[in-house]
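> Dropping the sequence and predicted coords here.
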Amino acid sequence: MQPTETEVTAATVPAVTLRLTEHGDPTARTHVVLLHGYPDDRTLWDDVVPRLPADWHLVVPDMRGAGRSEAPTERAAYDVALLVEDVVAVVRATVPDGEPFHLVGHDWGAIIGWDVVAAATRDPRLRGRLVSFTSVSGFPLDHLYARLADGPRRWALLPQLLHSWYAYVFCLPRVPEWLWGRGQRTLRRLGERLDPTSHTLAWGPDLGRAALPGLSLYRQNLRRRPAAWRTDVPVLVVLGRHDTFIHPVSLDGLGARCSDVVRVRLETGHWVPRSEPERLAGLVTEHVRAHGG
């Protein structure tokens, strides 16, 4: 079947219209939602989608502020809780009522995915429907902040705090806007020196403009009180050994959150869906099929 492009409106405040692509038969047995991160859009998955089973139904949205979806101007509109509502809206519009679905997320898509996993422990719209999660180049904010609040043990996270230098820069006023505009050449050189997959970004004026709304992801969500939750949803964690933004220490101790978690390290950098699409598609296929897909 030819892919179809549709739109979904998330009934948040403000309401946001999301554009998405569906691949495969919506009545298929297996439904998989793929979430991109920052500063990407749904095209991040272009090399992965053709390598996934043809009999799956794949749903690939542009998250709010990215691609062809609406980009609210208020910083508060990028709170992760609202992004979870976006995912709920996408699932309710594309997956038949009551049927299970699998979730895959990269970077901020993974962070949002972790919050969807947490929501599925208490939200009747998700409970029992989310049957697996694949986190690529991301971590759960609740887990990170709970560990940071754990007295002397917080120092174990120092490597991740150092790897997150860019997040602090993105929270500064005006500086990141300048970097994505006139300073993009410097930003590109730095990124390509630090991470072997940074060259896969579509550097240029279009990327610079597209990156601006998503700065609110950092400015809105880097301070929060961690929630307590534990899930039985099977989780696959994929991380590049040369990822300069996510340090493996941020994923230590996930057994406290997940009863079933598997970690895989790949010889690549941060943008795994572009640098290792075949390997990632294979991992996602294996994980989904092992859990009812």
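That came through, no problem. Numbers count the residues shown, from 1 in each chain.

> C-alpha from now on. contacts and neighbour counts both.
OK.

> Quick check: closest non-adjacent residue to Thr231.
Sequence neighbours aside, Cys258 is the residue nearest to Thr231 in space, at 5.1 Å (criterion: CA to CA, 6 or more residues apart in numbering).

> and if you look at Ser164?
Phe245 (6.0 Å).

> unless I'm mixing things up, that neighbour is touching His270, no?
Yes. Here Phe245 reaches His270: they are 7.0 Å apart, a contact under CA atoms under 8 Å.

> Tell me who's in contact with the residue nearest to Thr231.
Arg230, Thr231, Asp232, Val233, Pro234, Val235 (CA atoms under 8 Å, 6 or more residues apart in numbering).

> Cross the residues you listed against strands and list the overlap.
Counting by DSSP state E, those place Val235 in strands.

> Now list the buried members of the contacts of Cys258.
Thr231, Val233, Pro234, Val235 (16 or more other CA atoms under 10 Å).

> Could you measure from the residue nearest to the spatial centre of the chain over to Asp123?
The centre of the chain sits closest to Gly109, judged by CA atoms, centre = their mean, with a distance of 1.1 Å. Gly109 sits 19 Å away from Asp123, going by CA to CA, to the nearest Å.

> so where do the strands sit in the chain?
Under DSSP E, the chain gives strands at 4-10, 16-23, 31-35, 57-61, 101-106, 130-136, 235-240, 261-266.

> Quick check: Asp243 touching Glu267?
No. Asp243 is not in contact with Glu267 according to CA under 8 Å; the separation is 9.3 Å.

> Who has more neighbours out of the two?
Asp243 (23 against 12; other CA atoms under 10 Å).

> what sits against that one?
Counting by CA under 8 Å, 6+ apart, Asp243 has contacts Ser137, Asp195, Thr268, Gly269, His270.

> The first one: what's it in contact with?
Going back to what we said before, that points to Ser137. Ser137 sits in contact with His106, Asp107, Ala110, Val237, Val238, Leu239, Gly240, Asp243, Ile246, His270, Trp271, Val272, where contact means CA under 8 Å, 6+ apart.

> what does the model give the fifth one for pLDDT?
At Val238, the model reports a pLDDT of 98.

> Next, count neighbours for it.
Neighbours of Val238 (other CA under 10 Å): 21.

> what does the second one give?
Asp107: 24 surrounding residues under other CA under 10 Å.

> In this structure, what residue spans correspond to helices?
Per DSSP state H, the chain carries helices over the ranges 80-94, 108-119, 141-148, 158-163, 165-170, 175-180, 184-194, 205-211, 215-221, 272-275, 277-290.

> So what's the gap between the longest one and the chain middle?
Between the mean C-alpha point of helix 80-94 and the mean C-alpha point of its chain there is a distance of 13 Å (CA atoms, centre = their mean, to the nearest Å).

> Quick one: mean pLDDT for it?
So the average pLDDT for helix 80-94 ends up being 98.

> can you check stretch 268-286 too?
What stretch 268-286 shows for mean pLDDT is 98.

> pull the CA atoms of it into PDB?
The C-alpha coordinates for stretch 268-286 follow below in PDB (Å, rounded to 0.1, in the frame of the first residue of the first chain):
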ATOM      1  CA  THR A 268      27.800   4.400  15.900                       C
ATOM      2  CA  GLY A 269      26.900   7.900  17.200                       C
ATOM      3  CA  HIS A 270      23.700   9.600  18.200                       C
ATOM      4  CA  TRP A 271      21.700   9.500  15.000                       C
ATOM      5  CA  VAL A 272      21.200   5.700  14.900                       C
ATOM      6  CA  PRO A 273      18.200   5.700  12.500                       C
ATOM      7  CA  ARG A 274      20.300   7.400   9.800                       C
ATOM      8  CA  SER A 275      23.700   5.700  10.400                       C
ATOM      9  CA  GLU A 276      22.500   2.200  11.100                       C
ATOM     10  CA  PRO A 277      18.900   1.900   9.700                       C
ATOM     11  CA  GLU A 278      19.200  -1.800   8.800                       C
ATOM     12  CA  ARG A 279      20.600  -2.800  12.100                       C
ATOM     13  CA  LEU A 280      18.000  -0.700  14.000                       C
ATOM     14  CA  ALA A 281      15.200  -2.100  11.900                       C
ATOM     15  CA  GLY A 282      16.300  -5.600  12.700                       C
ATOM     16  CA  LEU A 283      16.400  -4.800  16.400                       C
ATOM     17  CA  VAL A 284      13.000  -3.300  16.400                       C
ATOM     18  CA  THR A 285      11.600  -6.200  14.400                       C
ATOM     19  CA  GLU A 286      13.000  -8.700  16.800                       C
END
